[in-house]
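[1] got a predicted structure plus its sequence, pasted below:
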Amino acid sequence: MTAGTGDLIIGIDAGTSVIKAVGFDLSGRQIAAAAVPNRYDTASGGVATQPLARTWEDCARALRALGERIDRLPERCAALAVTAQGDGTWLVGTGDAPVGDAWLWLDARAAPAVARLKSGPLERARFEATGTGLNTCQMGAQMAHIDATEPERLDRAETALHCKDWLYLKLTGIRATDPSEASFTFGNFRSRTYDDTVIAALGLEHRRHLLPEIVDGTRQTHPLSPAAARETGLRAGTPVSLGHVDMVMTALGAGVHTGTPGAACSTVGSTGVHMRAVRDTDVVLNEACTGYVIALPAPGMVTQVQTNMAATLNIDWALALAGELMAEMGVEASHADLVARIEGWLARSRPGEILYHPYISEAGERGPFVDADARAGFVGLSQGHRFPDLIRAVVEGLGLAARDCYAAMGEMPGELRLT
């Protein structure tokens with residue numbers, strides 16, 4: 001990887017909630033950051049989509065805003081790297097034009113395809129190659145569903161990308177994906193290449209031409225295009241690295257791979273991601289065929305992952321109940337106001353009073369079990385319980401969900417790092 005001569009590196013993370021651009025010096029110290037709220041659209045039937053063009057516009061806007069916070073950013077930028085929300089399906093066609101809106105990882109429409117494919121004769125072989133349980137979030141399941149229900153959409157496409165891949169295309173003009181998403185979706189985590197058996201298990205052999213080149217951003221970069229330079233305010237020719245998927249990039253930054261025995265890392269965000277770093281020869285694949293194995297940007301190292309579909313989304317739901325009720329009484333309370341009260345509510349409640357199943361997502365659950373019909377609920381309510389008890393139950397439910405996920409990966413970790 002050849003970098004420029006500047007003293008700063010830019011990281012881009014296009015998440016589900018926010019698209020961020022962050023400037024770091026060469027020692028890794030954060031200098032400044034800029035963010036643009038991400039927007040996606042939902043509809044009945046489990047639809048969750050996002051316009052590709054708007055995503056790029058918001059990314060470019062975040063980069064321009066970073067330039068306003070850092071003096072002489074274009075000439076100081078030695079390189080930039082991009083990651084983003086994982087899974088989902090971002091189709092492009094002639095002239096790199098989007099083929100409709102992207103299906104996000106939140107989209108639940110592929111549930112019939114998941115049910116059909118999980119009973120197929122090649123499902124166990126697919127799981128042993130990818131290390132990844134099939135669920136509605138993934139491009140493989142989504143493409144199989146699209147192929148069965150609206151094949152003309154795939155007929156119009158030339159390449160199937162993920163979110164970070166789309167941004168990389170807009171930054172460099174190169175259609176590519178990284179080793180992590182390529183291997184846990186369509187390939188083998190040991191070889192980090194596409195796998196014929198996996199593609200056959202998904203019934204997508206006739207769509208293989210849609211899969212892009214795999215580019216390892218730790219070894220190869222492409223220059224920022226003149227068009228992208230104009231839109232971002234950066235300098236054309238700046239090296240751009242295609243990062244691995246956001247889950248492992250976050251975990252790497254939080255210290256999931258430091259050589260400490262028994263260390264693990266949980267990301268508690270919209271979804272709950274629970275990870276431990278192991279050698280690819282030491283992966284333990286469960287009988288239930290759930291979880292992910294995601295390649296780290298280090299030779300022979302992967303993260304074994306279990307993800308519960310909805311984490312803080314459960315808390316957001318509970319707080320929205322309070323906020324909407326207060327609004328009906330003429331009292332306005334922002335989300336931040338309500339978050340600030342959580343510690344007080346926890347202090348006024350007792351542990352273990354109520355059990356809450358944190359399956360608030362319309363897509364159900366994906367870890368450590370997969371059930372698109374799983375739904376949230378409280379067990380053990382009595383007339384003496386009040387709102388603080390419900391909040392505690394939701395928070396405890398997220399802790400129990402994390403424990404379930406680690407139990408599916410072997411021994412409990414001796415050290416847990418949170419981000």
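    Perfect, I can see it now.
[2] rest of the way, CA atoms for contacts and neighbours
    Noted.
[3] output the lowest mean pLDDT helix or strand found in the protein.
    Across the helices and strands of the chain, mean pLDDT, DSSP states H and E gives its lowest value to helix 246-254, namely a mean of 85.
[4] okay but residue 234 is in contact with residue 72, surely?
    No. Assessed by Cα atoms under 8 Å, residue 234 is found out of contact with residue 72, at 9.7 Å.
[5] mind checking the SS state of residue 13?
    Here residue 13 is recorded as strand under DSSP: H, G, I helix; E, B strand; the rest coil.
[6] for stretch 275-288, which positions count as buried?
    275, 276, 277, 278, 279, 280, 283, 285, 286 (16 or more other Cα atoms under 10 Å).
[7] reformat those residues as a markdown table; add secondary structure, pLDDT and distance to residue 173.
    Shown next, in a markdown table, are the buried residues of stretch 275-288 (DSSP: H, G, I helix; E, B strand; the rest coil; pLDDT from 0 to 100; distance: Cα to Cα, whole Å):
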| residue | secondary structure | pLDDT | distance to residue 173 |
| --- | --- | --- | --- |
| 275 | strand | 92 | 33 |
| 276 | strand | 88 | 34 |
| 277 | strand | 88 | 33 |
| 278 | strand | 86 | 34 |
| 279 | strand | 87 | 34 |
| 280 | coil | 90 | 32 |
| 283 | coil | 87 | 36 |
| 285 | coil | 88 | 38 |
| 286 | coil | 82 | 40 |
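[8] helices or strands next to the least confident helix or strand of the chain in the packing?
    strand 77-84, strand 263-268 (3 or more Cα pairs under 8 Å, 6 or more residues apart in numbering; DSSP states H and E).
[9] which strands or helices does the last one pack on?
    The one in question is strand 263-268. Using 3+ Cα pairs under 8 Å, 6+ apart, strand 263-268 sits against helix 246-254, strand 272-279, strand 415-418.
[10] which residues touch the second one?
    Which is strand 272-279. Under the criterion Cα atoms under 8 Å, 6 or more residues apart in numbering, residues 247, 251, 256-257, 263-267, 300-312, 402, 405-406 lie in contact with strand 272-279.
[11] so of those residues, which ones are in helices?
    Residues from the contacts of strand 272-279 lying in helices, with DSSP state H as the criterion: 247, 251, 312, 402, 405, 406.
[12] tell me, what's the model's pLDDT at the residue lying closest to residue 5 once chain neighbours are set aside?
    Nearest non-adjacent residue to residue 5, counting by Cα to Cα, 6 or more residues apart in numbering: residue 78, 5.5 Å away. With respect to pLDDT, residue 78 scores 97.
[13] distance check, residue 78 against residue 27.
    13 Å (Cα to Cα, to the nearest Å).
[14] thought the residue nearest to residue 5 was touching residue 23?
    No. Applying Cα under 8 Å, one finds residue 78 not in contact with residue 23, separated by 10.7 Å.
[15] now the least confident helix or strand of the chain: buried residues?
    So, applying 16+ other Cα under 10 Å, buried residues of helix 246-254: 246, 247, 248, 249, 250, 251, 252, 254.
[16] run a quick neighbour tally on residue 54.
    When neighbours are counted by other Cα atoms under 10 Å, residue 54 registers 14.
[17] from residue 61, how far off is it?
    10 Å.
[18] then residue 209?
    Applying Cα to Cα to residue 209 and residue 61 gives a distance of 33 Å.
[19] and for the closest residue to residue 46 other than its chain neighbours, the neighbour number?
    Leaving aside its chain neighbours, residue 46 sits nearest to residue 108 (4.6 Å; criterion: Cα to Cα, 6+ apart). Around residue 108 there are 22 other residues, counting by other Cα under 10 Å.
[20] and if you look at the one 3 residues further on?
    Counted with other Cα under 10 Å, residues neighbouring residue 111 total 22.
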